[in-house]
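Trainee: The sequence isn't on hand, but the structure is:
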């Protein structure tokens, strides 16, 4: 049985400047046959991620807490707890925290995230 807990995993600043805890990644977990990777992300109050894109993978954010504004290409919209947003491959994207507390969300990348697929703009 494979169980991961965000309280046990290290959170670290990543290329887009979010604070990330990788929960499940098939390339790093023996016996995990998922196509996707799953991470817990934090954008602290007053911060935003850098514009970036995934060349071939799609991404879905599911907001656990907080509120923000999602930017995908030329579009942007408010995003809050309980909402999910789909980010297509090749789309320049970034998210800003517009609330008073941390913006917490799950990031699901399909197929699994790889460093070579991500480009910081």
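Mentor: Thanks, I have it. Here the structure is a predicted model, which is why all the values come from computation and not from measurement.
Trainee: Tell me which residue lies nearest the centroid of this structure.
Mentor: Among the residues of the chain, the smallest C-alpha distance to the mean C-alpha position (CA atoms, centre = their mean) belongs to residue 107, namely 3.4 Å.
Trainee: Tell me the confidence at that residue?
Mentor: Among the per-residue scores, residue 107 holds a pLDDT of 98.
Trainee: How about the one 10 residues further on?
Mentor: The model reports residue 117 with a pLDDT of 97.
Trainee: that older thread, quick one: the residue nearest to the centre of the chain and residue 1, what's the gap?
Mentor: The span separating residue 107 from residue 1 equals 23 Å under the rule CB to CB, to the nearest Å. No exception for glycine: its C-beta is placed from N, CA and C like everyone else's.
Trainee: how about low-confidence regions in this protein?
Mentor: Using pLDDT under 70 as the threshold, the predicted model of the chain has no low-confidence range.
Trainee: That'll do, ta.
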